[in-house]
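> model the following, please.
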Amino acid sequence: MTLSRRDTLGLAAAITAAAAAGPLRAQELEEINLWPGTPPGKGSVKGPEKVGEKGAGYGAISNISSPRLRVYRPSQPNGRAVIVCGGGGYFRIQSWKESGPASRWLQSHGYTAFELLYRLPADGWEASAPFADAQRAMKIVRGRAAEFGIDPDQIGIMGMSAGGHLAGFTALQPSRTLYAGKDRFENARARPDFAALLFPVVSLRKPFDTTRTRKEIIGEKPDTAAEDAWSLDTYATKGAPPTILFSSADDPTTPPGHNIALFEALQKAGADVEMHIFANGGHGWGLGTAEQTLSQWPTLFDAWANRVAIKN
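Sure, this is the predicted structure:
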């Protein structure tokens, strides 16, 4: 599949706009708190929320005490929604370079995007906290679908790196009890209707036992049972939501082996799964840049999502 000159220029403009917008753009967005009062589970944070100001953590958010969704409403809604989970090893959320630009691209193409700001185990929350937040987010978006002009059967989840691990777990384990809730949103189902995972952490087993995700979720010296319990391919079933996977061949943090393991497990189970591996791009590429082949991933995702919607 190739991009036209118009598509390429449009994508380049979107990337430039995302970079220019910076972290402060978030102040203009509507936000939805996930929990009434104190979030469930053990843990807390001290002090205000933090936004990185330099280096690899520029625009990354941490010290989150109020997990929430940032809402990106499209001018011409297509009836679909995507919850977007930025990466960051469960010690920060790469909003500026990953989940923010992806949410704006989705918004510009008719999707109602919800950027998830989830609690981080590195800040003092228990390991299950981000997973409870993601499951709750799915229920809230589906429970409020009519308010946003969303088809309740066209709500997906997208994640990058550790956010890909979070999104994948949410997609593959929607029935797991992660918290006790009693309000009206708990009547909504938690299963995403589709999932898109970009350079995700899939396996916590060797040889993929070097990620910050593994450390934050199961610790420095976990047993085999813990590795299996938090590896996504463990939960591949025929009933998994349609899933699309993206990797870069030269990714030093989450090499394609992660996605290959999940692809093979889902395919073996009889699930609907598609995978794309780009030659280069490293890790944490967000939308990519106009000269990179991997910058075509949003268009590939959109074409795939259209196919999935028709099939369903």
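> using the three-state scheme, assign the spatially most central residue of the chain.
For the chain, the residue whose C-alpha lies nearest the mean C-alpha position (C-alpha atoms, centre = their mean) is residue 159; its distance is 2.0 Å. Look at residue 159: counting by DSSP: H, G, I helix; E, B strand; the rest coil, its state is strand.
> I figured it hits residue 166, correct?
Yes - checked against C-beta atoms under 8 Å, the pair residue 159 and residue 166 is within contact range at 5.5 Å. In this view, the C-beta of every residue, glycine as well, is placed from N, C-alpha and C.
> any idea how far stretch 223-240 is from the chain center?
Computed by C-alpha atoms, centre = their mean, to the nearest Å, the separation of stretch 223-240 from the middle of its chain amounts to 18 Å.
> wait, a strand at residue 44?
No - judged by three-state DSSP, residue 44 forms no part of a strand; its state is coil.
> ok, it - contacts?
Under the criterion of C-beta atoms under 8 Å, 6 or more residues apart in numbering, the neighbours of residue 44 are 65, 124, 125.
> please tell me how far it sits from residue 36.
With distances taken as C-beta to C-beta, to the nearest Å, residue 44 is found 17 Å from residue 36.
> ok, then the element right after the lowest-mean-pLDDT helix or strand in the chain?
Of the helices and strands making up the chain, the lowest-confidence element is helix 5-21, at a mean of 45, by mean pLDDT, DSSP states H and E. Towards the C-terminus, the helix or strand next in line after helix 5-21, according to DSSP states H and E, is strand 30-33.
> mind listing the residues bridging to the residue nearest to the centre of the chain?
Taking DSSP bridges as the rule, residue 159 bridges to residue 85, residue 197.
> roughly how far apart are it and residue 281?
Separation of residue 159 from residue 281 (C-beta to C-beta) stands at 17 Å.
> same thing with residue 87?
Here residue 87 is placed at a distance of 14 Å from residue 281 (C-beta to C-beta).
> these two: who's more crowded?
Between residue 87 and residue 281, counted using other C-beta atoms under 10 Å, the more crowded position is residue 87 (32 against 22).
> count of neighbours near the residue nearest to the more buried one when sequence neighbours are not counted?
Excluding the flanking residues, the one nearest residue 87 by C-beta to C-beta, 6 or more residues apart in numbering is residue 161, at 2.7 Å. Residue 161 has 29 neighbours, counted by other C-beta under 10 Å.
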